[in-house]
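J.: based on what follows, work out the 3D shape:
(3 chains)
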Amino acid sequence: MSFDLLLLLADRLGVFVFAVSGGIVAVRKNMDLFGAVVLGLVTAVGGGTLRDLVLGEPAFWLTDTLALALAVGGALAAFLMHAHLEGLKPLRWADAVGLAVFAVAGAAKAAGAGHGVAVALIMGVMTAAAGGLLRDVIANQDPLLLQEDVYATAALAGAGAYAALHYTGAPETAAFAVGLAAAFLIRAAAIRFGLHLPRPRR
Amino acid sequence: MSFDLLLLLADRLGVFVFAVSGGIVAVRKNMDLFGAVVLGLVTAVGGGTLRDLVLGEPAFWLTDTLALALAVGGALAAFLMHAHLEGLKPLRWADAVGLAVFAVAGAAKAAGAGHGVAVALIMGVMTAAAGGLLRDVIANQDPLLLQEDVYATAALAGAGAYAALHYTGAPETAAFAVGLAAAFLIRAAAIRFGLHLPRPRR
Amino acid sequence: MSFDLLLLLADRLGVFVFAVSGGIVAVRKNMDLFGAVVLGLVTAVGGGTLRDLVLGEPAFWLTDTLALALAVGGALAAFLMHAHLEGLKPLRWADAVGLAVFAVAGAAKAAGAGHGVAVALIMGVMTAAAGGLLRDVIANQDPLLLQEDVYATAALAGAGAYAALHYTGAPETAAFAVGLAAAFLIRAAAIRFGLHLPRPRR
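T.: Numbers count the residues shown, from 1 in each chain, chains lettered A, B, ... in the order given. Okay, the predicted model is just below:
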């Protein structure tokens, strides 16, 4: 029960922080208040929405009004306080928490619907990373996800660790805990040490 | 009955005019005939399609061939007559009619499916504004929606006025009429007086 | 049976080659390994995914792991061997095969679900061309589809030829064969002779 509560809190934190990142991009692109709210919502719930549509289900936020409220709140916070929020170190760590929770929750949703390991991995990455990708596509900027650092890779690692335990019959709580730790630690190492994946030699 | 017919005509006008706006962007970006048709279709039915997918339903136009025909017609008209259409004043007012109808119809569809007021508001804005957003994303230009003026805000006001009446048990015809008037008048004021939302102070 | 097998092989070839084209764009945009895989997947399965969502069904690749594996393989091949692959002539012809199969298969899926000819045409074009469109939108470049040559038009011709035979009661194998030939030959002529559609006079 305590673990479930922690997971829920981490998810709510993730929604809020993802929305802040959307709002900050909106401010940078000189969008108005409404643009900030749209971009915040897209960043915060876009990944989960895409996951649900691909699985053939309605979007999760149709029955999760709190997620919508937190996303709007995060976007408003970014709009009003961007000068203080931009570059704020704790935000990057909160974002890493959101990344980890979204990745494992996405993989778990696919696994729970009876899909195999390949689909679970894709759903984990999609849930964690598609919101940020949509944010950049809508803001008409080169997607950070595909350019910059070990972000989606951390999501893949988290989904993979979860899947390795889930599909071998480990207790669900253990699979969640290991998956979350894997995603968060890899993302943390990437932030701390500036890790990056190989680029093509040209 | 007469009100229903008016609503239907306004919706058909909206589809056509939204497609014209897609076709005009295609011409500006020097796309070929096919690009104009694609962009016209996306602008005209993209918002309603996204609304339906998020609600877990097939796209409305699978059973609405007339909408497809009007969208293709609007795109062709823009391709052939862009020099006459671009900047044409009546087009902006017809677009405002489409905006109002799409916003209220989107909110009504969500409300009719049993969803709460937050979802109804989002669906109203999404139906009215997502087509234009997709048009700009595909045409690789900064989205007008998030930059320029009181457009999505008018959709939000229309969906909000509809929802305020619908969820308090007012007759559906009254909710539609007030919602349409709210969206159209706010958009009309924005066109006429150049209203805009606050931007971030940098 | 032999025809079905041929069709399946052509489809698998199409998935692989579409993923290669996504991987090549990723390399050109200096994305990392993960970006190449994401862009390869999007290009290879994006069109079919959009078709399925619009039809109100889960994405086809939830139960087609081989398609995912081929798409990842194609993206990796592009990432590792882009210098050899870029501009390779046989790739363009393999891409034309994929275009033809995707267009006809998309139209056939819509027809099989009981939809009319307009929907079948759109689904054919969407299945064949939306993956490449999503690739360009995500990579933040002007969409080739809407700019460059007779690509989507070939898909439309293939879907149209299939539909003309299917809806008049011809044997399904004949409808497939004629549809495939129409799409491939028009695309081949466009590659060989540099055909293009009319552009707007400005």
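J.: who in chain A is up against chain B?
T.: A:26-27, A:29-36, A:38-39, A:41, A:49, A:53, A:56-59, A:61-62, A:65, A:68-69, A:79, A:82-83, A:137-140 (Cβ under 8 Å from any Cβ of the partner chain). In short, each C-beta sits where N, CA and C put it, glycine included.
J.: show me which of these are buried.
T.: Buried by 16 or more other Cβ atoms under 10 Å in any protein chain shown: A:26-27, A:29, A:31-36, A:38-39, A:41, A:49, A:53, A:58-59, A:61-62, A:68, A:79, A:82, A:137-140, out of the residues of chain A next to chain B.
J.: looking at those residues, which are in helices?
T.: Judged by DSSP state H, those include A:26-27, A:33-36, A:38-39, A:41, A:49, A:53, A:68, A:79, A:82, A:137-138 as members of helices.
J.: and those residues, which two are furthest apart?
T.: Distance extremes for these: the farthest pair is A:53 and A:82 at 30.9 Å, using Cβ to Cβ.
J.: where does chain A dip in pLDDT?
T.: Low-confidence segments of chain A, defined by pLDDT under 70: A:1, A:145-149, A:199-202.
J.: at 80 what do you get?
T.: Residue ranges of chain A with pLDDT under 80: A:1-3, A:83-91, A:142-149, A:194-202.
J.: in it, which residue is closest to the centre?
T.: When Cα atoms, centre = their mean is applied to chain A, the residue found nearest the centroid is residue A:128 (3.1 Å).
J.: so that residue sits against residue A:44, correct?
T.: No - Residue A:128 is not in contact with residue A:44 according to Cβ atoms under 8 Å; the separation is 11.9 Å.
J.: residue contacts, residue A:34?
T.: Listed by Cβ atoms under 8 Å, 6 or more residues apart in numbering or on different chains, the contact partners of residue A:34 are B:146, B:152-153, B:156, B:197.
J.: what number of residues are in the vicinity of residue A:55?
T.: Neighbours of residue A:55 under the rule other Cβ atoms under 10 Å in any protein chain shown: 17.
J.: ok, residue A:15 touching residue A:47?
T.: No - contact criterion Cβ under 8 Å: residue A:15 and residue A:47 do not qualify, at 10.4 Å.
J.: closest to chain B among the ones in helices among the buried ones among the residues of chain A next to chain B?
T.: residue A:35 (3.2 Å; Cβ to the nearest Cβ).
J.: ok, now how distant is the closest one from residue A:138?
T.: As for residue A:35, its distance to residue A:138 is 9 Å (criterion: Cβ to Cβ, to the nearest Å).
J.: measure residue A:65 to residue A:95 for me?
T.: For residue A:65 relative to residue A:95 (Cβ to Cβ), the value is 23 Å.
J.: nope, residue A:106 is what I meant
T.: With the distance defined as Cβ to Cβ, residue A:106 ends up 16 Å from residue A:95.
J.: looking at these two, which one has more neighbours?
T.: Each of residue A:106 and residue A:95 has its neighbours counted (other Cβ under 10 Å); residue A:106 has more, 31 against 20.
J.: now the more buried one: closest residue in space, sequence neighbours ignored.
T.: residue A:127 (2.8 Å; Cβ to Cβ, 6 or more residues apart in numbering or on different chains).
J.: one more: residue A:49?
T.: Computed as Cβ to Cβ, 6+ apart, the closest residue to residue A:49 that is not its neighbour in sequence is residue A:59, at 4.4 Å.
J.: and the one you found, how far from residue B:156?
T.: For residue A:59 relative to residue B:156 (Cβ to Cβ), the value is 19 Å.
J.: same question, residue A:105
T.: Residue A:105 is 30 Å from residue B:156, by Cβ to Cβ.
J.: more crowded one of these two?
T.: residue A:105 (27 against 24).
J.: distance from the chain centre to the helix or strand encompassing the more buried one, please.
T.: According to DSSP states H and E, residue A:105 maps onto helix A:89-112. Chain-centre distance of helix A:89-112: 5 Å, with Cα atoms, centre = their mean, to the nearest Å.
J.: list the buried residues for that helix?
T.: A:91, A:94-111.
J.: likewise stretch A:111-130?
T.: Neighbour-count burial for stretch A:111-130 [16+ other Cβ under 10 Å]: A:111, A:115, A:117-130.
J.: among those, which two are most distant?
T.: A:117 and A:130 (19.4 Å).
J.: list the contacts for residue A:127?
T.: Residue A:127 touches A:47-48, A:50-51, A:102-103, A:105-107, A:109, A:155, counting by Cβ under 8 Å, 6+ apart.
J.: mind doing that once more with 10 Å?
T.: Shown in contact with residue A:127 (Cβ atoms under 10 Å, 6 or more residues apart in numbering or on different chains): A:46-52, A:60, A:99, A:101-110, A:155, A:159.
J.: what helix or strand does it sit in?
T.: Per DSSP H and E: helix A:117-138 holds residue A:127.
J.: I'd say residue A:150 and residue A:185 touch.
T.: No - at 11.2 Å, residue A:150 does not count as touching residue A:185 under the criterion of Cβ atoms under 10 Å.
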